[in-house]
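1. quick one: sequence and predicted model below, then my questions.
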Number of protein chains: 2
Amino acid sequence: MLFEKEARRTEDIRHAEIVAKEFGFKTETVDITPTLESFYRSAPIFDPTDKLSKGNVKARTRMIYLYYYANRLHFIVCGSSDKSETMMGYFTKWGDVAADISPIMDLYKTQVRKLAQYIGIPAEIVEKPSSPALWPGQFAENELGIKYEQLDLILFGLERFMRTEEIAVQLRMEKHLIDEVKHRWLAAEHKRRMLLTAKLEYRTVGADFRLQRNPL
Amino acid sequence: MLFEKEARRTEDIRHAEIVAKEFGFKTETVDITPTLESFYRSAPIFDPTDKLSKGNVKARTRMIYLYYYANRLHFIVCGSSDKSETMMGYFTKWGDVAADISPIMDLYKTQVRKLAQYIGIPAEIVEKPSSPALWPGQFAENELGIKYEQLDLILFGLERFMRTEEIAVQLRMEKHLIDEVKHRWLAAEHKRRMLLTAKLEYRTVGADFRLQRNPL
């Protein structure tokens, strides 16, 4: 469990404890506030009013703590991103998606909620509004400008490469809404990939140097 | 330019200034030491004798600073990894390789040195031994256990999927040396990829959800 003062909600800590107890996870509470504050003080161009840039620092700092534990204890880091967030690019590059495995990345948010209900997660956790908890009062649906129930249906159509018009007709939604989601999905493709490398030689990492995922 | 006290070498700063002046780069010197020290103090399991885990924290913290500048100034982050390091997995996952573009990732270290010489980088910089500068006295060739002149020839053969025996004969090297390099190259494949996602639905990010790199 990783928290920092500014966006900390005691409710979230209580919910994490409920889930950990139910499934037998060991937990550790680490306050990452001093590290963030050192960062803010040491970066000459730091601007506290730029919430997004500051939020990215938080997401990446959480990753560093998780990987420190993984390194020291010989664990791997398990990501918790879902398909709705990942397709929308609603995450920090090299932050919350930077993990070793990601078991629920292929399930939309609405599917994750159904799965959570099915395996016995209490309703107050399943139904609570999603938040990256990077600043107080931050909620995913407000920032995305759409409810997950609607968004996931649009993404389901885009996943099948359906035309915008077709999705709009089938879902009885305005075409511009589908277009906006589609644009955001495609514009974020660079966040779902490794960095862009210039091809200069015979086989190029990140381009055409093909190996199996576990080649040993 | 990003430095922290422990591994800081005034020579490196001077070299960076020479290159920046020659090519007209703006520079900024940021001391990341306080942020690192806050991290060390706040992680309950921190162990200063575990140099590798600590070094990974440094590489990832440098990345956070670079991305903070990129966010605030609307820049992209340029990676400086070469093909020798990348194939050997001689880098920190989500650390030094976490960038937006990587212009020299397809050139072996020996090629990067030749290119540097050709474009007029002073010899004292071109010829200086590589170091990730994560702790004092850390040098790449010591850690890799092989000179780049030898390593790059082995990697050149592996890039062409040549057999170990064939590389050993052509380079007049011991077969076990080729095998060690090959093992290290293949074992690091997970560091050159996005995280492993479970395939559960129709098209899966990181598996078979194929888009162009710039789909817009």
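-> Good, I have the coordinates. Numbers count the residues shown, from 1 in each chain, chains lettered A, B, ... in the order given.
2. for the rest of this, base every contact and every neighbour count on C-alpha atoms.
-> Will do.
3. A:T92 and A:V57, how far apart?
-> In this view, A:T92 and A:V57 are 9 Å apart by CA to CA, to the nearest Å.
4. who has more neighbours, those two?
-> More crowded of A:T92 and A:V57, by other CA atoms under 10 Å in any protein chain shown: A:V57, with 24 against 18.
5. isn't the more buried one right next to B:Y68, touching?
-> Yes - with contact defined as CA atoms under 8 Å, A:V57 reaches B:Y68; the gap is 7.1 Å.
6. now the helices: where do they sit in chain A?
-> Remark: helices assigned in chain A by DSSP state H are A:10-23, A:33-42, A:51-73, A:83-88, A:109-118, A:123-126, A:140-144, A:148-159, A:164-171, A:175-187.
7. which positions within the second one qualify as buried?
-> By that I understand helix A:33-42. Under the neighbour-count criterion of 16 or more other CA atoms under 10 Å in any protein chain shown, helix A:33-42 has A:33-36, A:38-40, A:42 buried.
8. also the third one?
-> Along helix A:51-73, the positions that meet the burial threshold by neighbour count (16+ other CA under 10 Å) are A:53-69, A:71.
9. with stretch A:186-199 instead?
-> Within stretch A:186-199, the residues that count as buried by 16+ other CA under 10 Å are A:186-199.
10. and that stretch, C-alpha only, in PDB?
-> Presented in PDB, the C-alpha positions along stretch A:186-199 are these (Å, rounded to 0.1, in the frame of the first residue of the first chain):
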ATOM      1  CA  LEU A 186      -5.500   6.100 -31.200                       C
ATOM      2  CA  ALA A 187      -3.600   9.200 -30.000                       C
ATOM      3  CA  ALA A 188      -2.400   7.200 -26.900                       C
ATOM      4  CA  GLU A 189      -0.800   4.400 -28.900                       C
ATOM      5  CA  HIS A 190       2.700   5.600 -28.100                       C
ATOM      6  CA  LYS A 191       2.000   5.100 -24.400                       C
ATOM      7  CA  ARG A 192       1.200   1.400 -24.900                       C
ATOM      8  CA  ARG A 193       4.500   0.700 -26.700                       C
ATOM      9  CA  MET A 194       8.200   0.700 -26.000                       C
ATOM     10  CA  LEU A 195      10.100   3.700 -27.200                       C
ATOM     11  CA  LEU A 196      10.600   4.500 -30.900                       C
ATOM     12  CA  THR A 197      14.000   3.400 -32.100                       C
ATOM     13  CA  ALA A 198      15.600   4.500 -35.400                       C
ATOM     14  CA  LYS A 199      16.200   1.500 -37.700                       C
END
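11. who touches it?
-> The contact list for stretch A:186-199, computed with CA atoms under 8 Å, 6 or more residues apart in numbering or on different chains, reads A:86-89, A:93, A:204-207, B:98-106, B:192-194, B:205-206, B:211, B:213-216.
12. try it again with 7 Å
-> A:88-89, A:93, A:206, B:99-106, B:193-194, B:213-216 (CA atoms under 7 Å, 6 or more residues apart in numbering or on different chains).
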